[in-house]
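**Student:** Sharing a model prediction with you, sequence too.
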Amino acid sequence: MSNQNINFSFESGEAKTILYIGNKLSAHGKTPTGVETLGLKLGEFNYRVITTSSKKNKWFRLIDMLFSIIRNRSSVNVVLIDTYSTQNFYYAFLCGLMCRLLGLPYYPILHGGNLFHRVEKSPRMSRLLFKNAKRNIAPSRYMYDFFVKKGFQNTVCIPNYIDLANYPFKERSTVAAKLLWVRSFKEIYHPMMAIAVAHLLKTKGYKVSLCMVGPVIENDTYRKCVELAQTMNIDVRFTGRLSKPEWTALSQEYDVFINTTHVDNFPVSVLEAMALGMPVVSTNVGGIPFFIEHGENGLLCPDSDAATMAQQMIRLIANPILTAQISRAGRLTAEEYDWERIKSKWKGLQV
């Protein structure tokens, strides 16, 4: 089954301690990740949760992760490992290896739409990491289906979640070309497509405003976005990284959320936008169609197809009834992923 509770099978009288390994880098200006957010939530179940690591240097962080496993091996019952597709995959692999050497059950929590490519690119390391895990925890049905097809039958699906109370609903019906984009400035998220969409709308006579929220990293992708906006004469508001309360407050100034990614799994930012009542127009990639139904709770377009995304925007502007329907349906979808509902899938911790 794809959705089932996690049962860590603590023996009676054992110390119920979880070691959660991931990148705790919010203190260094990074967006909080699962180790910081889910780690706190698991504490609600009256377990002792140890989290690591907050070391800024990548090598020091890896060493800290490995030594945390060794240091806590006698008191820890299970180890949760945030697992990504890039260099952090090697962190997860080495932490999984350490857990196996010490006889500790570990649970990789699967993140990132590009993890599929990592499994294809590194099949042997993936088998060692995922086959030997107690369970692999997939945050979407899309990820779950992929892992099961690859032979990792020890995979369960526990969806991403939001705290719904933090997202005040504002129904949108009559909308303008006021676009909000929230993501990191990385090529796989294709931020330049958002600027291209704004340009197409502007050439069709619409007054456009585009706000792009995400950590401003001086990389090629960010520089290309700035240059493209200047070339196309699009006034883009680059806010830099904002906290969730900051960008959800900012969302009240915008009407439509656009998601332009090449690759995706189950993006929480899209779910948050739906909770806020923003109609979502997204590329139809990865796990997106598993929770957005075109014309019902969002609008979809092919990957890299700025023209179709602009057409979907115009469709919303021209059709207030459809827009209001999508706004309300998006909120209903988001309600399904409220922590108060999702936490039951982690209740197996309460043994």
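**Tutor:** Received it, and whenever you're ready, just let me know what you need. Residues are numbered from 1 along each chain as shown.
**Student:** Val79 bridge partners, please.
**Tutor:** Each beta-bridge partner of Val79 is listed here, defined by DSSP bridges: Leu19, Tyr106.
**Student:** and Phe257, that one's in a strand?
**Tutor:** Yes - counting by DSSP: H, G, I helix; E, B strand; the rest coil, Phe257 is located in a strand.
**Student:** so what's it scoring on pLDDT?
**Tutor:** On the pLDDT scale, Phe257 is placed at 98.
**Student:** Could you tell me how many residues sit around the closest residue to it other than its chain neighbours?
**Tutor:** Spatially, and ignoring its direct neighbours in sequence, Phe257 is nearest to Ala273 (3.7 Å; Cβ to Cβ, 6 or more residues apart in numbering). Where C-beta positions appear, they are placed from N, C-alpha and C, glycine not excepted. By other Cβ atoms under 10 Å, 29 other residues sit near Ala273.
**Student:** Regarding Ala273, what is its secondary structure?
**Tutor:** Look at Ala273: counting by three-state DSSP, its state is helix.
**Student:** any idea how far Ala176 is from it?
**Tutor:** 16 Å (Cβ to Cβ, to the nearest Å).
**Student:** Which phi and psi values does Val280 adopt?
**Tutor:** With angles defined as degrees, to the nearest 10, Val280 sits at phi -110, psi 130.
**Student:** Isn't it up against Phe257?
**Tutor:** Yes - contact criterion Cβ atoms under 8 Å: Val280 and Phe257 qualify, at 4.9 Å.
**Student:** Residues that sit against both of those two, list them.
**Tutor:** Val270, Ala273, Met274 (Cβ atoms under 8 Å, 6 or more residues apart in numbering).
**Student:** Just send the residues you listed back as a markdown table, with distance to Val285 and pLDDT too.
**Tutor:** Compiled in a markdown table, the shared contacts of Val280 and Phe257 are given as follows (distance: Cβ to Cβ, whole Å; pLDDT from 0 to 100):
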| residue | distance to Val285 | pLDDT |
| --- | --- | --- |
| Val270 | 12 | 97 |
| Ala273 | 17 | 97 |
| Met274 | 17 | 98 |
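**Student:** Name the nearest of those relative to Val182.
**Tutor:** Lowest distance from Val182 to the shared contacts of Val280 and Phe257 (Cβ to Cβ) belongs to Ala273, with 7.4 Å.
**Student:** what residues are up against that closest one?
**Tutor:** Here Ala273 is in contact with Leu180, Val182, Ser251, Phe257, Val280, Gly330 (Cβ under 8 Å, 6+ apart).
**Student:** what sits against the third one?
**Tutor:** Meaning Ser251. Leu180, Phe257, Ala273, Leu276, Met278.
**Student:** hmm, 6 Å instead?
**Tutor:** Leu180, Leu276 (Cβ atoms under 6 Å, 6 or more residues apart in numbering).
**Student:** Look at it and give its secondary structure.
**Tutor:** Following three-state DSSP, we place Ser251 in the helix state.
**Student:** any idea how far Glu340 is from it?
**Tutor:** Ser251 is 22 Å from Glu340, where distance means Cβ to Cβ.
**Student:** So which bits of stretch 291-311 are buried?
**Tutor:** 291-292, 297-301, 305-306, 308-311 (16 or more other Cβ atoms under 10 Å).
**Student:** Stretch 167-187 too?
**Tutor:** 167, 169, 172-173, 175-186.
**Student:** swap in stretch 28-44?
**Tutor:** Quick answer for stretch 28-44 (16+ other Cβ under 10 Å): Thr31, Pro32, Thr33, Gly34, Val35, Glu36, Thr37, Leu38, Gly39, Lys41, Leu42.
**Student:** Switch those over to TSV, and while doing so, append pLDDT and secondary structure to every line.
**Tutor:** Shown next, in TSV, are the buried residues of stretch 28-44 (pLDDT from 0 to 100; DSSP: H, G, I helix; E, B strand; the rest coil):
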residue	pLDDT	secondary structure
Thr31	76	coil
Pro32	80	coil
Thr33	85	coil
Gly34	87	helix
Val35	90	helix
Glu36	90	helix
Thr37	90	helix
Leu38	92	helix
Gly39	89	helix
Lys41	90	helix
Leu42	88	helix
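**Student:** which one of those residues is nearest Phe60?
**Tutor:** For the buried residues of stretch 28-44, the nearest to Phe60 is Val35 (16.2 Å; Cβ to Cβ).
**Student:** How about the contacts made by the residue sitting nearest the centre point of the chain?
**Tutor:** Nearest to the geometric centre of the chain sits Pro267, at 3.7 Å (Cα atoms, centre = their mean). With contacts defined as Cβ under 6 Å, 6+ apart, Pro267 has no neighbours.
**Student:** Give me the residues contacting stretch 323-331.
**Tutor:** Phe169, Glu171, Arg172, Ser173, Val175, Met274, Gly277, Pro279, Glu296, Asn297, Leu316.
**Student:** What are the boundaries of the helices in the stretch 101-250 of the chain?
**Tutor:** Remark: helices assigned in the stretch 101-250 of the chain by DSSP state H, counting those that start in this stretch are 115-121, 123-126, 141-149, 191-203, 220-231, 244-250.
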